[in-house]
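Q: I'll drop the sequence and a predicted model, then ask my questions.
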Amino acid sequence: MSKSVLLVDDEVLLVDDEVLLCRTLANAIRDAGHQVVTAESAEAATHHLFPSQRFDVVVLDHRLPGETGLQLLERMRAAGQATPAILMTAYETASMRSLAFDLAVAGFFRKPFNLGEFLECIESVTETVEAVQAARAGQAARTA
């Protein structure tokens, strides 16, 4: 997806322990106009996520050292964080997919996946986040 003007104002947290894949995805997400913070484990991601919620989207690998991506997402939801999440995995099961959608993932990608479709999903999610934020700001301005 090409943009005539590159605006960098939304942040993506990318959590994957595969260094080369993480670097490749982070570069592609940056090239698409987003800021990216990376973490190699759920524990490292926790330092970025709690107690604040500053990301527009969180991209999680399922198999991570220690806690899985879905376990991290469960903790986020239990803490009231509604940050949109995209899950990626090379080891899909029906129960994993079901739990992912129960936790309201915005996208589910089985590795290897089409990079263009992955970036389109991130773009769609960040556009939705921006629209919701604009609507809330407009509503707050009307009630003020």
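A: Arrived safely, thanks for sending. Numbers count the residues shown, from 1 in each chain.

Q: From here on, just use CA atoms for contacts and neighbour counts.
A: Fine.

Q: and the most centrally placed residue in the chain, what are its bridge partners?
A: Geometric centre of the chain, nearest residue: Val58, 2.1 Å, by C-alpha atoms, centre = their mean. In this entry, Val58 is beta-bridged to Leu13, Ala85, by DSSP bridges.

Q: Now do the strands for the protein: every range, in order, please.
A: Using DSSP state E, the strands of the chain run over 11-15, 35-39, 57-61, 85-89, 107-110.

Q: any chance of those strands in a markdown table, plus distance to Val129?
A: Listed next are the strands of the chain as a markdown table, based on distance: least, C-alpha to C-alpha, whole Å:
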| stretch | distance to Val129 |
| --- | --- |
| strand 11-15 | 11 |
| strand 35-39 | 15 |
| strand 57-61 | 9 |
| strand 85-89 | 12 |
| strand 107-110 | 14 |
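
Q: quick one: the helices in this structure?
A: Using DSSP state H, the helices of the chain run over 19-31, 42-49, 69-78, 94-102, 115-143.

Q: All good on my end, thank you.
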